[in-house]
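1. Starting from these lines, generate the structure:
(chains A and B)
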2 protein chains.
Amino acid sequence: MLHLIVKYMWWIVPVLLLSACATPQPTLRGTGDLGVVIERATGQVQVIETSGRKSLAQVSGLGDLSHASVVFSRDGRYAYVFGRDGGLTKVDLLTATIAGRVVQAGNSIGGAVSQDGRLVVAQNYEPGGIKAFDAATLELVADVPADYGTEGKRSKVVGLADLPGNRFIYSLFDANEIRVTDLSDPKNPKTERYPAGKQPYDALVTPDGRYYIAGLFGEDGLSMLDLWQPAQGVRAILPGYGRGEQALPVYKMPHLRGWAVAAGRAYLPAIGRHEVLVVELGSWKEVARIPVKSQPVFVMARPDGREVWVNFAFPDNGWMQVIDTFTNRLVDTFQPGRAILHLEFTPKGEAVWISARDDNKVAIYDTATRRKLAELPAASPSGIFFTSRAFRTGF
Amino acid sequence: MLHLIVKYMWWIVPVLLLSACATPQPTLRGTGDLGVVIERATGQVQVIETSGRKSLAQVSGLGDLSHASVVFSRDGRYAYVFGRDGGLTKVDLLTATIAGRVVQAGNSIGGAVSQDGRLVVAQNYEPGGIKAFDAATLELVADVPADYGTEGKRSKVVGLADLPGNRFIYSLFDANEIRVTDLSDPKNPKTERYPAGKQPYDALVTPDGRYYIAGLFGEDGLSMLDLWQPAQGVRAILPGYGRGEQALPVYKMPHLRGWAVAAGRAYLPAIGRHEVLVVELGSWKEVARIPVKSQPVFVMARPDGREVWVNFAFPDNGWMQVIDTFTNRLVDTFQPGRAILHLEFTPKGEAVWISARDDNKVAIYDTATRRKLAELPAASPSGIFFTSRAFRTGF
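-> Down below sits the predicted model:
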């Protein structure tokens, strides 16, 4: 009997050991080459890595991911995914699990992380305003409504970006205003207000956090705020860039987020026009106007600034064009797939990942040769976001 | 008896489980907020993290770490440490162990990682040249000697930086040359040679990888190569910036590596002069000359470019000064400790880590208030390097 039990004991021990240690052990790995691809059709994100150009995992349960956007924790481990349904989901890229989720608004279009990495801030359409959450726990720590006028109206908020000093800048679509909220002390947010042009609909901040440029839907031109000289207020730049010409129907509002700042100039998509506008930083003069294939949506600078890559609105959304910023000439036109919704460069810019929604794939190109390096399957992919965004101001 | 054995079994199982699973399991964590501090006295590096401002581990056995420098793998997990003794050590930041080590030259002063992350390249004094290693295995894949003249002489190599296209740029101290080696095909390195000024001793490349500026020891001025127009060759800039004035004895050669490019201008330490030179990118005109406390060593831009922080040569190496790049005026002068050897900004610039060798500490400051946030003990700390360098060209 003793004999039997001893035999049994030595059998059960390794089994118990195995089952205890073999609970899915996430691989120890660096997070600098990780990223996520939004799969809007299925409400999932794919976790990918850019060194081996591989898909690592899928994470489900993120709600409505149409028009979703993503920012990252300062350690590069967590992605904060903002869904159109107001959901803010914290995804652990190493375990491919949801580390936290709050439904924080009725309708949200993105967010930003504070300079110190402690706050994640959402910009909301409904109810209009910004909300700050503890980046670790997702606990609400500040709610800053975008009130305007006298009747307690609240504006849709767009163009949110982080600034040095744990400040955030954003635009009020309905109130024609740019605001800067200092969240250094989240219990006492301090907001400064700057009257701006009509209906700002998106914005970018230059990589140094100095200039904030908002595109305007309600007038012909853009609004610019120099954050090193805020007392000068908002200045109108490129006023009437489309003046005297018949406006084309706008198929999709262009985006300004993409750091389309290269070689000391900003490259901006013109609304409803087949053009990319080139503006010199500082003087704010239009230095070129580059005719492109169709209405540009994203105008994104390769990290070295030597090239700007452009995608387009329907019905030309299968095309992509490349502008050389030294000559301001088109150097390539090609078709990576059907319904190109977004593109993301690797941190040092040797490759670009392009989502082709209607081909259910992400295509990866060498940026020097424009040769395709790989393709990954994805369910209606839209946004692609890499962890290197964690280190950049204004993302 | 059976009773006893069953009791015993349930006692032994948890113990076995514990001992099996408790073999030092490195913590699963992001690598975006990691870094290393060189402890030159003990030949160690400290692994640190900037979110909690903590020391995580020490790694020994790295050889002679006087004047050591560090670059990072593209995933942020590994630090490549170049020692003065020619040792190249690959340190795993997650396990705090040595993942590989080669003694690759007699005397080395640093290295760089290729755009695609596959190569780590060392710049060597003796024997003079560059060597490329597989970033995963540290296997030698290319050896490019810095031959010059007709007698098979080899020059010391300085000012190495990575460029787009898996190219590397560097200067030949003894041969008055700048060279660009294309390592896209490591078996067939292709090198272009550009005659430069006398005795280039260090260099920087602008964040976009476009302009390479080498400081000259053998003449009064600097050499500049525009990599977007390489056919124009090297141009002399700031010729004779110290002309007609008596040279001071040079206590320590200043460094040019620190991305001292801010607000469209380069901030450069003058050799043997108590000045920081300010040069406009593109026109290469001197736009200001800022008197500082002593001979500058590192002139480093805060990531937003609004401030430039300067440390000094002996006997004033306990001081630090801060220049506002908008006004080009000094805004602060303070003493963080004795023998300030290096400083490193967090990726978004909210804090700076400063090594005070003779106080055996690293001091961490809030860059907005210049208040001290924390101090960490370290044995004769010199260089401080954060993983965010992995995402930047020219580091």
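2. quick one: average pLDDT of stretch A:369-379?
-> What stretch A:369-379 shows for mean pLDDT is 97.
3. swap in stretch A:29-36?
-> Stretch A:29-36 comes out at a mean pLDDT of 98.
4. go on, stretch A:271-289?
-> 92.
5. did I read that right, A:G349 in a helix?
-> No. Counting by DSSP: H, G, I helix; E, B strand; the rest coil, A:G349 is not part of a helix but coil.
6. Could you pull out the buried residues of stretch A:147-166?
-> Buried residues in stretch A:147-166, counted by 16 or more other Cβ atoms under 10 Å in any protein chain shown: A:147-148, A:154-166. Placement of C-beta: from N, CA and C, glycine included.
7. swap in stretch A:211-221?
-> In stretch A:211-221, counting by 16+ other Cβ under 10 Å, buried: A:Y211, A:Y212, A:I213, A:A214, A:G215, A:L216, A:F217, A:D220, A:G221.
8. mind putting the residues you listed in CSV, pLDDT and distance to A:D359 included?
-> Formatted as CSV, these follow (pLDDT from 0 to 100; distance: Cβ to Cβ, whole Å):
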residue, pLDDT, distance to A:D359
A:Y211, 95, 37
A:Y212, 96, 36
A:I213, 95, 33
A:A214, 95, 33
A:G215, 92, 29
A:L216, 92, 34
A:F217, 90, 31
A:D220, 89, 36
A:G221, 91, 37
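9. And for the residue of the stretch 201-350 of chain A found nearest chain B, the neighbour number?
-> Closest approach between the stretch 201-350 of chain A and chain B, counting by Cβ to the nearest Cβ: A:P347, at 3.7 Å. By other Cβ atoms under 10 Å in any protein chain shown, the residues close to A:P347 number 24.
10. Ok, the one 4 residues further on next?
-> Neighbour count for A:A351, taken as other Cβ under 10 Å: 19.
11. Tell me which residues touch A:V331, please.
-> Residues near A:V331 by Cβ atoms under 8 Å, 6 or more residues apart in numbering or on different chains: A:E307, A:V322, A:I323, A:D324.
12. rewinding a little: wait, doesn't the residue of the stretch 201-350 of chain A closest to chain B sit right on A:P303?
-> Yes. In this structure A:P347 lies within contact range of A:P303 using Cβ atoms under 8 Å: 6.6 Å.
13. what about A:A236, is that helix, strand or coil?
-> In three-state terms, and counting by three-state DSSP, A:A236 is strand.
14. Pull the number of nearby residues for it.
-> 16.
15. and it, what does it touch?
-> By Cβ under 8 Å, 6+ apart, the neighbours of A:A236 are A:G197, A:G221, A:L222, A:S223, A:M224.
16. Take these and write them to a markdown table, including distance to chain B and secondary structure.
-> What follows is the contacts of A:A236, written out as a markdown table (distance: Cβ to the nearest Cβ, whole Å; DSSP: H, G, I helix; E, B strand; the rest coil):
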| residue | distance to chain B | secondary structure |
| --- | --- | --- |
| A:G197 | 25 | coil |
| A:G221 | 24 | coil |
| A:L222 | 21 | strand |
| A:S223 | 21 | strand |
| A:M224 | 16 | strand |
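17. Flag every residue of the stretch 201-350 of chain A that's near chain B.
-> A:208-210, A:228, A:262-264, A:281-282, A:303-306, A:326, A:347-350 (Cβ under 8 Å from any Cβ of the partner chain).
18. At which residues are the helices of chain A located?
-> A:2-21 (DSSP state H).
19. Buried members of the residues of the stretch 201-350 of chain A next to chain B into PyMOL, please.
-> Buried residues among these (16+ other Cβ under 10 Å), as a PyMOL selection:
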select buried, chain A and resi 208+209+210+228+262+263+281+303+304+305+306+347+348+349+350
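20. circling back: JSON lines for the buried residues of stretch A:211-221, including distance to B:K90?
-> JSON lines is the format used below for the buried residues of stretch A:211-221 (distance: Cβ to Cβ, whole Å):
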{"residue": "A:Y211", "distance to B:K90": "40"}
{"residue": "A:Y212", "distance to B:K90": "42"}
{"residue": "A:I213", "distance to B:K90": "43"}
{"residue": "A:A214", "distance to B:K90": "46"}
{"residue": "A:G215", "distance to B:K90": "46"}
{"residue": "A:L216", "distance to B:K90": "51"}
{"residue": "A:F217", "distance to B:K90": "52"}
{"residue": "A:D220", "distance to B:K90": "56"}
{"residue": "A:G221", "distance to B:K90": "53"}
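21. hmm, back to that, can you pick the most crowded of the contacts of A:V331?
-> The most crowded member of those is A:I323, carrying 26 neighbours; neighbours defined as other Cβ under 10 Å.
22. wait, isn't that one in contact with A:G305?
-> No. Judged on Cβ under 8 Å, A:I323 makes no contact with A:G305 at a distance of 11.3 Å.
23. Contact partners for the residue lying closest to A:T42 once chain neighbours are set aside?
-> Leaving aside its sequence neighbours, A:T42 sits nearest to A:A379 (Cβ to Cβ, 6 or more residues apart in numbering or on different chains; 4.7 Å). Applying Cβ under 8 Å, 6+ apart to A:A379 gives the contacts A:E39, A:R40, A:A41, A:T42, A:Q44, A:N360.
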